[in-house]
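[1] Structure for the following, please:
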Amino acid sequence: MRRAVVSLVLAGFLAVSLALTMVSASGSRAQPSVVSDNPANFTPNVVDDATVRHTSVDALAYRGSTLYAGGLFHSVQSGGQTFTRHNLMSFDATTGAMRPFAPRLDGQVFALLATHRSVYVGGYFNHVNGLPRKGLVKLDARTGKVDQRFKAHLDGAVQEIRFASGRLLVGGKFSGKLLALNLATGADTGYLHIPITGTLAANAGATDIYRFAVNRARTRLVAIGNFTTVGGHQRSRAFMLDLGAHSATVDPWYYQPLANACRGRKLPAYLRDVDFSPDGRYFVIDGTGALPVSGGIGRDVCDAAARFETNIASPARATWINYSGGDTFQSIAATGAAVYVQGHFRWLDNPNGHQVPGPGSVARSGIGAINPVSGNALPWNPGKTRAVGGKDLLATPAGLWVGSDGARFAGERRDNIAFLPLP
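    Okay, the predicted model is just below:
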């Protein structure tokens with residue numbers, strides 16, 4: 001009997017410890033100021049080679065002194081050496097020195113979550129270290145060895161991973177679209193059995209959850225993707241869930257203009273990222289779409305980033321919308337001091353520009369920072385290779401990490417990954 005009691009206490013302690021190690025997995029970290037526009041010199045370069053000709057870093061995670069980066073790549077240069085890494089790597093976040101962590105994934109990594117001992121990896125892969133693991137795998141954070149106890153048995157790609165209420169939340173192209181899994185085994189806990197159905201258009205592809213964010217209190221979740229109905233409620237492109245102790249429910253929040261199409265009919269699922277502010281009072285979504293339709297400026301989130309208040313259930317308009325004038329936004333990090341955005345845009349503050357700089361616009365090549373209150377561009381302007389546009393931004397206690405698909409940042413060579421320290 002005593003052994004059973006000790007085991008239960010230990011299990012509870014481990015669960016709490018694991019939760020504490022995953023605090024950074026929800027919402028962006030608060031930062032006291034805007035980061036430097038001068039990138040650190042020590043970061044590795046993710047380079048094209050004969051195996052992968054168009055490389056990208058699409059997912060970032062941070063734990064202790066280690067930075068994990070995933071995407072589509074084969075060769076990494078650091079300290080005068082070239083290392084082979086199969087779509088996933090780790091390195092010292094203060095020196096850039098590569099870690100021996102070198103798992104072999106046979107497809108693109110698109111989502112990461114790191115704990116003290118493990119790394120959860122999502123993406124478009126089927127095998128890891130030669131073992132069948134479709135879309136999701138749990139790895140030893142130091143060795144990269146597959147945790148064979150964790151088997152989620154998904155039938156499609158995972159595009160986002162977060163932690164909440166002692167569960168691993170995953171979203172993507174698999175059956176169910178959004179699930180809450182057991183952290184140790186990968187089994188479905190049943191916490192998130194909410195039907196997500198419908199497609200936005202015949203050319204939108206399969207129903208999916210593309211990205212989602214969880215506030216730092218772990219009480220709200222906002223998801224974006226290709227769907228029209230969530231839990232029986234009309235919810236095109238975005239929805240919010242209330243995360244209870246034992247189950248999640250659909251929140252009344254919905255921005256009705258998200259049912260509108262943008263001018264780019266080939267991009268029906270046009271939203272690209274979402275992030276909560278550190279205090280959870282608001283969240284920001286962004287997207288592509290090739291400009292709003294006639295009359296949509298100030299209403300539609302097309303080639304734009306938009307702020308919404310968490311507790312306003314049915315907003316008539318966003319708090320603010322910042323338009324690029326016709327170029328895509330891909331990723332967001334809201335730190336309180338700034339809302340950082342990344343994509344292949346050329347301008348911010350450009351609602352009246354159609355592939356040209358309209359009145360009042362400011363030049364911002366591929367990356368920029370928006371004032372969270374006014375919605376206008378901040379002076380911060382490092383500039384980077386635009387390319388398609390980086391899929392991930394990660395705020396840490398030391399600064400901002402930028403995952404990208406471009407070779408230069410602030411005029412310097414920073415292949416696919418850059419770090420901007422806090423002053």
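[2] Let's see the pLDDT reported for the nearest residue to D303 once chain neighbours are set aside.
    Sequence neighbours aside, S324 is the residue nearest to D303 in space, at 4.9 Å (criterion: Cβ to Cβ, 6 or more residues apart in numbering). C-beta coordinates here come from the backbone N, C-alpha and C atoms, glycine included. Per-residue pLDDT puts S324 at 98.
[3] just the one 10 residues further on next, same as before
    Here, the pLDDT recorded for A334 equals 98.
[4] what residues are up against it?
    By Cβ atoms under 8 Å, 6 or more residues apart in numbering, the contact set of A334 is S28, D275, F276, S277, P278, Y282, F283, V284, Y340, P372.
[5] helix/strand/coil for the second one?
    Read it as D275. strand (DSSP: H, G, I helix; E, B strand; the rest coil).
[6] sorry, back to before: which of the contacts of A334 ranks first by neighbour count?
    In terms of neighbours by other Cβ atoms under 10 Å, the contacts of A334 top out with V284 at 31 neighbours.
[7] For that one, list each beta-bridge partner.
    In this entry, V284 is beta-bridged to D275, R307, by DSSP bridges.
[8] Surely it is in contact with A305?
    Yes: here V284 reaches A305: they are 5.8 Å apart, a contact under Cβ atoms under 8 Å.
[9] Mind listing the shared neighbours of these two?
    Shared contacts of V284 and A305 (Cβ under 8 Å, 6+ apart): I332, V339.
[10] one step back: JSON lines for the contacts of A334, including distance to R237 and pLDDT?
    Formatted as JSON lines, the entries for those read as follows, by distance: Cβ to Cβ, whole Å; pLDDT from 0 to 100:
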{"residue": "S28", "distance to R237": "22", "pLDDT": "84"}
{"residue": "D275", "distance to R237": "16", "pLDDT": "98"}
{"residue": "F276", "distance to R237": "18", "pLDDT": "98"}
{"residue": "S277", "distance to R237": "21", "pLDDT": "98"}
{"residue": "P278", "distance to R237": "25", "pLDDT": "98"}
{"residue": "Y282", "distance to R237": "18", "pLDDT": "98"}
{"residue": "F283", "distance to R237": "14", "pLDDT": "98"}
{"residue": "V284", "distance to R237": "15", "pLDDT": "98"}
{"residue": "Y340", "distance to R237": "22", "pLDDT": "98"}
{"residue": "P372", "distance to R237": "23", "pLDDT": "98"}
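[11] could you measure Y340 against P423, distance?
    Separation of Y340 from P423 (Cβ to Cβ, to the nearest Å) stands at 15 Å.
[12] likewise R265?
    Distance of R265 to P423, given as Cβ to Cβ: 44 Å.
[13] for I161, same thing?
    Going from I161 to P423 by Cβ to Cβ gives 31 Å.
[14] Just want to know which of these two has more residues nearby.
    When neighbours are counted by other Cβ under 10 Å, I161 and P423 differ, and I161 comes out ahead with 25 against 9.
[15] Report the secondary structure state of the closest residue in space to R237 that isn't next to it in sequence.
    Spatial nearest neighbour of R237, excluding adjacent residues (Cβ to Cβ, 6+ apart): L258 at 4.5 Å. Of the three states, L258 takes helix under three-state DSSP.
[16] gap between the two ends of stretch 340-354?
    End-to-end distance for stretch 340-354: 22 Å, by Cα to Cα, to the nearest Å.
[17] Oh, that last question was meant for stretch 86-104, not what I typed.
    5 Å.
[18] my guess is D327 meets V341, correct?
    No: with contact taken as Cβ under 8 Å, D327 and V341 are classed as non-touching, separated by 11.1 Å.
[19] Pull stretch 315-335 out as CSV, backbone CA atoms only.
    Output of stretch 315-335 as CSV, limited to C-alpha atoms (Å, rounded to 0.1, in the frame of the first residue of the first chain):
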residue,chain,number,x,y,z
PRO,A,315,-16.7,42.3,-32.6
ALA,A,316,-18.1,44.5,-35.4
ARG,A,317,-14.5,45.4,-36.4
ALA,A,318,-11.0,44.4,-35.3
THR,A,319,-9.3,46.8,-32.8
TRP,A,320,-7.0,47.6,-35.7
ILE,A,321,-5.8,46.1,-39.0
ASN,A,322,-2.4,46.8,-40.5
TYR,A,323,-2.3,46.1,-44.3
SER,A,324,0.7,45.4,-46.5
GLY,A,325,-0.9,46.5,-49.7
GLY,A,326,-0.9,43.1,-51.3
ASP,A,327,1.8,40.9,-49.8
THR,A,328,1.5,38.0,-47.4
PHE,A,329,2.0,37.9,-43.6
GLN,A,330,3.1,34.5,-42.4
SER,A,331,4.0,34.6,-38.6
ILE,A,332,3.4,36.6,-35.5
ALA,A,333,4.9,37.1,-32.0
ALA,A,334,3.1,39.4,-29.6
THR,A,335,5.4,40.4,-26.7
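[20] what's the spacing between K134 and Y191?
    Separation of K134 from Y191 (Cβ to Cβ): 22 Å.
[21] repeat for P100
    Using Cβ to Cβ, P100 is found at 36 Å from Y191.
[22] Next, the contact list for the closest residue to G264 other than its chain neighbours, please.
    Among residues not flanking G264 along the chain, A290 sits closest, at 2.9 Å (Cβ to Cβ, 6+ apart). By Cβ under 8 Å, 6+ apart, the residues touching A290 are C262, R263, G264, L267, C302, D303, G326.
[23] Just among these, which is most surrounded?
    Most surrounded of the contacts of A290: other Cβ under 10 Å gives C302, at 29 neighbours.
[24] is it true that that one lies in a helix?
    No: applying three-state DSSP, one finds C302 to be coil, outside a helix.
[25] I figured it was touching D286, is that so?
    No: counting by Cβ under 8 Å, C302 sits too far from D286 to count as a contact (10.2 Å).
[26] shaky segments in this structure?
    Applying pLDDT under 70 to the chain picks out residues 1-26.
[27] do that again at 50, thanks
    By pLDDT under 50, the weakly predicted segments of the chain are 1-24.
[28] hey, where'd the helices end up in it?
    Counting by DSSP state H, residue ranges of the helices within the chain are 2-21.
[29] so what's A223 closest to, chain neighbours aside?
    Nearest residue to A223, sequence neighbours excluded (Cβ to Cβ, 6+ apart): F212, at 3.7 Å.
[30] wait, doesn't the one you found sit right on L169?
    Yes: using Cβ under 8 Å, F212 makes contact with L169 at a distance of 7.5 Å.
[31] Find residues that contact each of those two.
    E160, R162, L178, L221.
[32] And G280, how far from A305?
    For G280, the distance to A305 equals 18 Å [Cβ to Cβ].
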